[in-house]
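okay, sequence plus prediction incoming.
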Amino acid sequence: MDLGLAGRTCVVTGASRGIGRETAGQLCAEGASVLLVARGESDVMEAAAECAQRGGAAQALVCDVTEPDAGERMNAAATERFGPVDVLVNNAGTARWRDLDDVPDEDWQVAWEVNVMAPLRATRAVVPAMRARRWGRVVNVSSTAGKRPSRYMPEYSVAKAAQLSLSRLFADRLAADGVLVNAICPGPTKSELWVGEGGLADQSAELSALSGAEEALAKAGQGRPIGRLAEVGEIAAAIVFLCSERASYVAGAAWSVDGGTVPVII
């Protein structure tokens, strides 16, 4: 299936690892030109080089997406290197396990900046050129926790719910101009966020008094109707579809890609 992404200029945040890195790679494989954005210079440079081998073109930008001018910087860099931005994937984010009472005020603010303000600023930066060309795609990578709060990821859950509302607001405003805004809601995924040292598997094992990360991962997988955790490529494939010409009648959606985790049909 031709997704119509060849030659499109794409920006992917949080692109040095996990879902973001694989999304950038799949976009490159479709012939797109991708700006990979992340804070860690060596990691994002390595990711860009890897993605470039899959096709299209890929370059890196070292940037903290929570900085007030990050949206303008990303837009300017992508436009200068490849041309006006056609696709924006707001993927940057992190999470940790802990009880609601253990989250300090500053961490609530950090979650808000990463999951709401950063996508807001990035979207504002790229939308004018998209509207002028009457074509654009914005995909916000939210979470099942945005639909059903996770007991042990409180600030993350609340911020992801706000991100879904933000997505819907932009979708309503921009759809008639050919700019389609949607969200993806992954469940637990075998990315570095979960399986890396000190990641969510280790944290959940400690918090739940399990034997270790392997037991925590097994338990998390068994909690999905599909019986396992997602692979990063499965999440990225849904994101890339929403970035494509083929998703020409999808706007304001919040697609659950979670193995059936959240028991609702909306």
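Looks like it arrived, so ask away. Numbers count the residues shown, from 1 in each chain.

show the average pLDDT along the lengthiest strand in the chain.
When the chain is scanned for its longest strand (criterion: DSSP state E), the result is strand 179-186. Per-residue pLDDT over strand 179-186 has a mean of 97.

what segments of the stretch 151-266 of the chain are strands?
Ranges of strands in the stretch 151-266 of the chain, per DSSP state E, counting those that start in this stretch, are 179-186, 254-257.

deepest of those, which one?
Mean neighbours per residue, mean count of other Cβ atoms under 10 Å, is largest over these for strand 179-186, with a mean of 26. Placement of C-beta: from N, CA and C, glycine included.

with adjacent residues omitted, what lies nearest to R39?
Leaving aside its sequence neighbours, R39 sits nearest to D64 (Cβ to Cβ, 6 or more residues apart in numbering; 5.2 Å).

in CSV: the strands of the stretch 151-266 of the chain, plus distance to A111.
Below are those laid out as CSV (distance: least, Cβ to Cβ, whole Å):
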stretch, distance to A111
strand 179-186, 16
strand 254-257, 18
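
go through those and name the closest to A58.
Ranking the strands of the stretch 151-266 of the chain by proximity to A58 (Cβ to Cβ) places strand 179-186 first, at 21.0 Å.

pLDDT score for G212?
For G212, the predicted pLDDT is 64.

typo on my end, it should be V195
69.

likewise for the one 10 residues further on?
Model confidence at A205, expressed as pLDDT, equals 60.

one more: T189?
Reported pLDDT for T189: 83.

beta partners of the residue lying closest to A238 once chain neighbours are set aside?
Excluding its sequence neighbours, the residue lying closest to A238 (Cβ to Cβ, 6+ apart) is V257, at 4.7 Å. Beta-bridge pairing for V257 (DSSP bridges): P186.

so V257 sits against C185, correct?
Yes - between V257 and C185 there is a contact under Cβ atoms under 8 Å: 6.7 Å.

from G260, how far out is the residue nearest the centre of the chain?
Nearest to the geometric centre of the chain sits N91, at 2.3 Å (Cα atoms, centre = their mean). Look at N91 and G260: by Cβ to Cβ, to the nearest Å, they are 23 Å apart.

G178 too?
33 Å.

which one's more surrounded, the two?
Set G178 next to G260 and count neighbours by other Cβ atoms under 10 Å: G178 wins out with 15 against 11.

list phi and psi for the more buried one.
phi 80, psi 10 (degrees, to the nearest 10).

for it, which non-adjacent residue is closest in space?
Using Cβ to Cβ, 6+ apart, the closest residue to G178 is R134 (3.8 Å).

cool, and W108?
Nearest to W108 is E155, by Cβ to Cβ, 6+ apart, at 4.9 Å.

just checking, the one you found touches P104?
No - contact criterion Cβ under 8 Å: E155 and P104 do not qualify, at 9.4 Å.

who has more neighbours, the two?
A direct count of neighbours by other Cβ under 10 Å for E155 and P104 places E155 higher, at 21 against 9.

show me what contacts the more buried one?
103, 107-108, 110-111 (Cβ atoms under 8 Å, 6 or more residues apart in numbering).

tell me the one of those nearest D2?
For those, the nearest to D2 is A111 (38.3 Å; Cβ to Cβ).

so what's the closest one up against?
A111 touches 155-156, 158-159, counting by Cβ under 8 Å, 6+ apart.
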